[in-house]
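**Q** attaching a predicted model along with its sequence, questions to come.
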Amino acid sequence: MCPLSLIGDLALYSSQSTACSDRRNEFLAEKHISSRMGVSQVVMIGDTTMKVLVYNLNSEGSLQLTAELQTRITNRVRAVGGTVIFAEDHATAVQQVRDADIVFGYITPEMLAVARQLQWIQAPISSFGYYDFRWGPYYIFPALVSYPVTLTSASGIYNDIIATHVFALITAIARNLPTFIRQQQDHQWTRGGQMLALSQKTIGIIGFGGVGKEVARLANAFRMTVVAVDPDPRDLPSYVSSLWSPEELHQALSLVDFVVLCLPDAPGTLHLIGESELRAMKPTAYLINIGRGNTVDLKSLTHALTEKLIAGAGLDVFGPGFEPLPPSHPLWACDNVLITPHRAGAGTPTERRVTVFLENFRRFSIGAPLLNVVDKQRMVVTGPRFQLTF
């Protein structure tokens, strides 16, 4: 099976989602959901009520909640008779997750090991990968895969933010900004260097999900020719000039000037871009990676860049063991590489994460299908997705 067959939407929900729906309906029936004055609420039986645990993991986590956002969450949960706990540290999270029905934020192996009735986890991130025990943002670990709990993502909240970062890299390369910044630091006025007209260039977007579509929209605004590689894209815009299947990846790579990777860290995308793919690219082409570092074989990419087999790269992500990129790594010395420290999604308003949670909480409380359900084996979103509106 081609790795890229794991990209894109799946037609059906996973069995995990169905099982969660059944348990959720039993939970709601047990707690006698009723409606009073148009507001659904839980009538408690004894001390039983729906419990939500909110946990951000650490200071680098994606769920930095203001007092206003905490109040929004609290009011919504209490409106249906539930309780909410905001855990400030891991020890508290481990203690409070024992009888929690819902986790909004991060889950760790220690938390999952003691959870007795957990039904749904709303992650604050959109793209998954295997759990990194140093700081944990990639989320997935073996026990979570096998545990009968539904996992939902924040897919849809980053599209415009990450696409902006993509074009920050592309325009910086096209207009030779790294060279000019170095010259400014050295107080030099030199007008040499290559300058590119984006309207004469072709962009190839690998993985045409929400981020990929937004990258395509911006590329069209720059009058670039837009091509995409995806096994099953939905709502293909009219300005996409051609669509390539995963089996045609090498052919697509040979035609484009900027290759943009918008891929998740999933079992089938590991080192999707390796030596043969890099050799398939034009020697004048650039690689942009804002997805996950594991999708590129870093050794092969380093060789291609140092030997000038491709023109250059804009890199925001690197694989496990290479974030942060070690000071001795040869990519730091490459004048054809623009590196940002995993910041493509930075600046995404936390309110968007809360909006996804509250919409899914509304659905959960009435037994409706959740948005952004994650197939934990494949680490991709299945079924209907959250759509951000402006």
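**A** Received it, and whenever you're ready, just let me know what you need.
**Q** distance between the ends of stretch 149-160?
**A** One end of stretch 149-160 sits 30 Å from the other (C-alpha to C-alpha, to the nearest Å).
**Q** what's the distance between that stretch and the middle of its chain?
**A** Distance, stretch centre to chain centre, for stretch 149-160: 7 Å (C-alpha atoms, centre = their mean, to the nearest Å).
**Q** all further residue positions should be reported with the first residue as 383.
**A** Sure, I'll start counting at 383 from here, so that last one is stretch 531-542.
**Q** quick check: bridge partners of G586?
**A** Beta-bridge pairing of G586 under DSSP bridges involves V609, V641.
**Q** how far away is it from V597?
**A** Distance, G586 to V597, using C-beta to C-beta, to the nearest Å: 10 Å. In short, each C-beta sits where N, CA and C put it, glycine included.
**Q** out of the two, which sits in the busier spot?
**A** Legend: neighbour count by other C-beta atoms under 10 Å for G586 and V597, higher for V597 (29 against 26).
**Q** then E705 would be within a helix, right?
**A** No - assigned with DSSP: H, G, I helix; E, B strand; the rest coil, E705 falls outside any helix and is coil.
**Q** looks like it contacts H724 (just checking).
**A** Yes - E705 lies in contact with H724 (C-beta atoms under 8 Å); the separation is 6.0 Å.
**Q** quick one on the thing from earlier: what do G586 and V597 both touch?
**A** Jointly contacting G586 and V597 under the rule C-beta atoms under 8 Å, 6 or more residues apart in numbering are V642.
**Q** quick one, strands of the stretch 483-632 of the chain?
**A** For the stretch 483-632 of the chain, the strands defined by DSSP state E, counting those that start in this stretch cover 484-487, 502-504, 511-512, 521-522, 532-534, 584-588, 607-611, 622-626.
**Q** could those go into JSON lines alongside distance to V641?
**A** What follows is the strands of the stretch 483-632 of the chain, written out as JSON lines (distance: least, C-beta to C-beta, whole Å):
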{"stretch": "strand 484-487", "distance to V641": "34"}
{"stretch": "strand 502-504", "distance to V641": "33"}
{"stretch": "strand 511-512", "distance to V641": "21"}
{"stretch": "strand 521-522", "distance to V641": "26"}
{"stretch": "strand 532-534", "distance to V641": "30"}
{"stretch": "strand 584-588", "distance to V641": "5"}
{"stretch": "strand 607-611", "distance to V641": "9"}
{"stretch": "strand 622-626", "distance to V641": "12"}
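**Q** need the overlap of contacts for E705 and H724.
**A** Taking C-beta under 8 Å, 6+ apart as the criterion, E705 and H724 both touch V699.
**Q** how close does P615 get to A469?
**A** Using C-beta to C-beta, P615 is found at 39 Å from A469.
**Q** helix or strand right after the helix-or-strand element of the chain with minimal mean pLDDT?
**A** In the chain, no helix or strand scores lower on mean pLDDT, DSSP states H and E than strand 421-424, which sits at a mean of 28. Later in the chain than strand 421-424, the nearest helix or strand by DSSP states H and E is strand 433-437.
**Q** what comes up buried for that next one?
**A** 433-437 (16 or more other C-beta atoms under 10 Å).
**Q** could you do stretch 663-680 as well?
**A** 663, 667-680.
**Q** then stretch 444-460?
**A** 444-445, 447, 451, 454-456, 458-459.
**Q** what's near enough to touch the closest residue in space to F510 that isn't next to it in sequence?
**A** Excluding the flanking residues, the one nearest F510 by C-beta to C-beta, 6 or more residues apart in numbering is M761, at 4.2 Å. By C-beta under 8 Å, 6+ apart, M761 lies in contact with 510-511, 522, 646-649.
**Q** now do 6 Å
**A** 510, 522, 646, 648 (C-beta atoms under 6 Å, 6 or more residues apart in numbering).
**Q** same deal with P491?
**A** 523, 525.
**Q** how about G701?
**A** 675-676, 680.
**Q** next step: those restricted to helices.
**A** Using DSSP state H, the members of those that fall in helices are L680.
**Q** endpoints of stretch 629-637, how far apart?
**A** Length of stretch 629-637, first residue to last, C-alpha to C-alpha: 15 Å.
**Q** list the buried residues of it.
**A** Residues of stretch 629-637 classed as buried by neighbour count (16+ other C-beta under 10 Å): 631, 634-635, 637.
**Q** what's the farthest-apart pair in the buried residues of strand 433-437?
**A** The span of the buried residues of strand 433-437, defined through C-beta to C-beta, is set by K433 and Y437 at 12.7 Å.
**Q** show me this protein divided up by domain.
**A** The record assigns the chain these domain ranges, following automatic domain parsing: 385-539+730-764, 541-721.
**Q** right, I'll call it a day here.
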